[in-house]
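Enquirer: Here's a sequence, model it:
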Amino acid sequence: MGNLSASLLSPDGSVPPLLQGRGMSVSHCGLPWWHWRGWQCVSTVPPQLALLYEEVLYTIHHRLGKPEQQHVGDSQELYSYVQKAFGMDAEEHSVIMQQVLELESPIYCLKATVKEAKGILGKDVSGLSDPYCLLGIEARSQEPAHPDHRKRMKAVVKDLIPEDQIHRTQVINQTLSPVWNETFILEFKDVETASFHLDMWDSDVVESMRHKLGELTDLHGLKRIFKDARKDKGQDDFLGNVVVRLKDLHCWNDQWYQLEPRTETYPERGHCHLQFLLTHKKDTFPPFPSWQAGSTSWDGELSSHASTVLYLHATQKDLSDFHQDMAQWLAYSKLYQSLEFNSSCLLHQITSIEYRWVQERLRPEQKAELAESFQSFLTYGVSLIRRFRIIFPLSVPRSTERLQSLLRVLVQMCKTKAFRELCTPSPDLPQMVSTALKSGTTEWFHMQKQHLKPMVKSIEENSKALSKLLLEVIEDLKQCQKIWNKLFTFLAGAHCVPPALALIQVAEHVQEQLHKVDSSMSRPTAESLFDLYRKLQELHQMKDSLPSWDGPLALSNFHQWFEEALPLWLQKAYTTTLERAQRAIQMDQLKPYGYHKHSTSTVDLSTCYAQIMTTWQQLNWPDPEKAFMIMVNLLEDMCKISLMYCKLIKERAEALSLSEQNEGEAANKLCIVVNNIEQLRLLMLKLPSQLGWAQLEQRMRGIIDPQQIQNALHNQLDSTVACLDHEVRDVVQALATKSIIPLMKFLESELQYLNEHLATSITIPWEGASHQLHGAWDHPTLGLSLELCFHAEGCGLPLETLHSAAFLTLETHLALCSATSRKLIQKYFSNRIQQQLDTSSEKYGAVTIKALYRPSEQKLRVEVLNATNLIPLDSNGSSDPFVQLTLEPRHEFPEVVARTTQCKKNELHPLFDEAFDFLIPSEKCRQEGACLLLTVFDYDVLGANDLEGEAFFPLCHLPGLDTEEDEADMGRVPQTRLPLTHPKPTDEILKLLESRKRDKEAQAFVKLRKQRAKQSKETE
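Expert: Model (predicted):
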């Protein structure tokens, strides 16, 4: 039984593929397979050679496809050639040829692959299509010479081919260049009369008219809507077809075919990429005739043919279930060692053997055979485990499952009574697995080391190769921790990590390679060593998370190997930061960066300092005393760079001021310099926390005197910060000397002159003065009062002359300029409330509401009763009004969402009668500009809603706001009729807010009000 099972599974004992499925009997299982049909071969020809010759003749006799140019097309010529090649005489050839003619013909198949299409028609409203293909083979060929050829070529697949023989591709949505890459096996009987048909269709589903209008892009799409309306719902559109006669194909074809139309309306319908392969359909006996090394697609299940043969053999020989299980184990376990497959079927067989195990029922030779299979499978399984990194790589799908399945089979096999009784003494599986893992890990490490060995043996190349090797080691340790160790420990009781830690011999290898390192190394060499240091540091940090290992870890003092390179690393950090800071200053135009008051060079410098902090964290030097010296060096470097920055940024400001010849711009650039230095000062003050000085001082306790730490770190930082403060004062003094003091002296002298000579008839051109002062008032250093400036403590203009209408207008405007954006928004709504109170005309209509505030609940209740005399905004002379309720300003009521009434169709006097509740504290209602904004819109299906008007109800006038007890009934509250207004096209406050480009809140408010102003019917 075992030999028969192996014969059915092994390619060495399988039936030749071309003899399978040709009506040959397989009932004589005990005879050689060339006698299975009682074939009497020529006695002078060896049986294997005769069968091989028959295979060749059969292949020639049932050839398919047009011959290629380089091939022989005449079959007789091929018969003559192989007869000479095999050395067959005429009689032998005639006998074997007769055998071939008597064999059953194969099933002819066309393997058709629909790859892609391009340039197809767009049948949907969007201008695209949802294409799919129907394909099949028509038994009767459509000859070009047929008088009805054009009509028959227009026939579709569904009309020519039976439904059960039609194949369909997937639908590719919304495209004119679909990609399928789908393969179909199509059977046919006669290559001379069969033809391949492919129809391409656009899949249509029933869609709403609104959805189609949403996809409308051009006039052509509108025509498609009208065309769709005339056809049946859900009817697919024809895109084109391809018809190919099989006798015109080569054995293998790959080309683009033009899609043919059914009508001449759209003759150009695109192209379809098809691939054809003419082949024979063969029965799969044995179950994996095309098995390849490394394949795990077979799950161990036998084909119906093999199962039938085994069943007949077992019943005829009266084999028990136990003997059948043992025979299958012998065959499968042997096969697994040559052709790997899913080992889960082995687990089922070994479990069945354990369940039915009775030692006395086996003969001695059978016991020896079973024991040998156990030992052989165990040895092979352990060899796979030894090379698990190569055999079961994580990059290959299901590798973990395959290894887990193998371990389960090995563990279960070693636990069975059969294994313990036959294999004495019983092997220690955990010990075998641990030994295999250790030796396999050592082999893997040496293989990696050899693979990464540099061609040029310089320190730089060696350090790069060592970094790559360490990276492989670290990744392997992580995989062992995360996956492999759990697997081996749980199933086999062995640890994967200890042998993986044998890789720590890399430490000795690294130390050996670095023994020639000295202080004269080049800069690239030092950089490569820093990367190597980081990798060793990461490897050393993993030791705490790993179990114990054999021998001491040789990485305890690895930092000492890099002491010669440490000064070069610090110098590299300093020079890189210095160069980047200098380039940043050269590129700086001394303009505010984004929404900040400092410029770009400060941002670049903070990035450089962040990189120095990262370097400190990456070093993480273990020696506390050396770590303190590193910190002192880094601080000195940052302090020197900071002072250098102050000097260069002032020189940059002076150079830019000379090139522009504008004193106002020069003053602005000096202000940016002040902000830059102040930002740098704040950055330096954050260094102790960012560099972890507190933790460093804790490590230094008992090693370095605290006073030394104070002098080396804190005092040095304080000295640098004091220098930065002095630099700020110098720049401010320069700003005052160049800009403010000359301006004040000029104003004082001019106003004194005017006061003395023109006091009786003075007329100051306030328009020109206000134009000049608008920009100056915004400057943070020019916050002087106009009255103090022009009155000049009695030396300038008299107060009664100064307080003119022009002066008061200018002072109001400057007060608005100095206000915050939120104050301006509140002022805007205060103006609109006043405009609402002053309005009595109802030319845009009116809205009637009732409002009541309940202090105990902090709830505002608003009832929208009706609107009257609305202006018609629709083409039918009416409107579809609805009211939107919002509490303004939004920054005072950020949590309150807008409310909306129902829309009233075709009404100019709508009755709403809807109530809304708002939870707001009473103090918010008393804020400046706090109001209830009621906006009446005309609803439009397409496009934005039109503005009917808006009304502002001040919240400070709410009934119940100033009382301690709630009103008993809403019915006692009087109605409030609010005329609708439209915003004016221009507004001074909106212009000021719009000029503040960096204020997102101001820009959002202006955008909303501009949208309302566009729909306004007010004029200047």
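Enquirer: which residues touch C903?
Expert: D880, P881, F882, Y939 (Cβ atoms under 8 Å, 6 or more residues apart in numbering). Every C-beta, even on glycine, is put in place using the N, C-alpha and C of the backbone.
Enquirer: burial measure for D236, as a count.
Expert: Here the count is done by other Cβ atoms under 10 Å, and D236 has 18 residues near it.
Enquirer: cool, and L378?
Expert: When counting by other Cβ under 10 Å, one arrives at 20 neighbours for L378.
Enquirer: what does T981 give?
Expert: Using other Cβ under 10 Å, T981 has 21 other residues around it.
Enquirer: and what of the one 10 residues further on?
Expert: As a burial measure, K991 scores 11 neighbours (other Cβ under 10 Å).
Enquirer: Next up, phi/psi of it, please.
Expert: Main-chain dihedrals, K991, degrees, to the nearest 10: phi -60, psi -40.
Enquirer: Then E564?
Expert: Backbone torsions for E564, taken as degrees, to the nearest 10, come to phi -70, psi -30.
Enquirer: Next, the buried residues of stretch 343-357.
Expert: S343, S344, C345, L346, L347, Q349, I350, S352, I353, E354, R356, W357 (16 or more other Cβ atoms under 10 Å).
Enquirer: and which of the residues you listed is nearest to A951?
Expert: Distance to A951 across the buried residues of stretch 343-357 (Cβ to Cβ) is lowest for S344, with 77.4 Å.
Enquirer: how much space is there between that closest one and M587?
Expert: 66 Å (Cβ to Cβ, to the nearest Å).
Enquirer: now S395
Expert: From S395 across to M587, the span is 45 Å (Cβ to Cβ).
Enquirer: Who has more neighbours out of the two?
Expert: M587 (12 against 5).
Enquirer: contacting residues for that one?
Expert: T600, S601.
Enquirer: what's the longest helix seen in the chain packed up against?
Expert: Taking DSSP state H as the criterion, the chain has its longest helix at helix 624-660. Using 3 or more Cβ pairs under 8 Å, 6 or more residues apart in numbering; DSSP states H and E, the elements in contact with helix 624-660 are helix 566-587, helix 600-619, helix 663-685, helix 693-700, helix 715-735.
Enquirer: any idea which of these is most buried?
Expert: Ranked by mean neighbour count, these are led by helix 663-685 with a mean of 20 (mean count of other Cβ atoms under 10 Å).
Enquirer: who wins for neighbours among the contacts of C903?
Expert: P881 leads these on contacts (other Cβ under 10 Å) with 28 neighbours.
Enquirer: and the closest residue in space to it that isn't next to it in sequence, how many neighbours?
Expert: Nearest residue to P881, sequence neighbours excluded (Cβ to Cβ, 6 or more residues apart in numbering): P910, at 5.1 Å. Applying other Cβ under 10 Å, we find 24 residues neighbouring P910.
Enquirer: Mind pulling up the pLDDT for P910?
Expert: Per-residue confidence at P910 stands at 93 (pLDDT).
Enquirer: try F807
Expert: pLDDT, read off for F807, is 66.
Enquirer: Then S606?
Expert: 87.
Enquirer: Would you confirm that it contacts L682?
Expert: No - at 9.8 Å, S606 does not count as touching L682 under the criterion of Cβ atoms under 8 Å.
Enquirer: rewinding a little: now the buried residues of stretch 343-357 as a markdown table including secondary structure and distance to E625?
Expert: Listed next are the buried residues of stretch 343-357 as a markdown table, based on DSSP: H, G, I helix; E, B strand; the rest coil; distance: Cβ to Cβ, whole Å:
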| residue | secondary structure | distance to E625 |
| --- | --- | --- |
| S343 | coil | 58 |
| S344 | helix | 60 |
| C345 | helix | 65 |
| L346 | helix | 62 |
| L347 | helix | 61 |
| Q349 | helix | 67 |
| I350 | helix | 63 |
| S352 | helix | 70 |
| I353 | helix | 68 |
| E354 | helix | 66 |
| R356 | coil | 74 |
| W357 | coil | 70 |
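Enquirer: Go through the residues you listed and name the one nearest W621.
Expert: S343 (50.8 Å).
Enquirer: Verify the stated contact: the closest one with L406.
Expert: Yes - assessed by Cβ under 8 Å, S343 is found in contact with L406 at 5.1 Å.
Enquirer: what about the residue positioned nearest the centre of the chain, which helix or strand?
Expert: In the chain, the residue lying closest to the centroid (Cα atoms, centre = their mean) is S395, at 20.1 Å. Counting by DSSP states H and E, no helix or strand carries S395.
Enquirer: which residues sit in contact with it?
Expert: S395 touches nothing, counting by Cβ under 8 Å, 6+ apart.
Enquirer: if I look at it, how far off is G440?
Expert: S395 sits 18 Å away from G440 when distances are taken as Cβ to Cβ.
Enquirer: Next: R972.
Expert: Counting by Cβ to Cβ, the gap from R972 to G440 is 92 Å.
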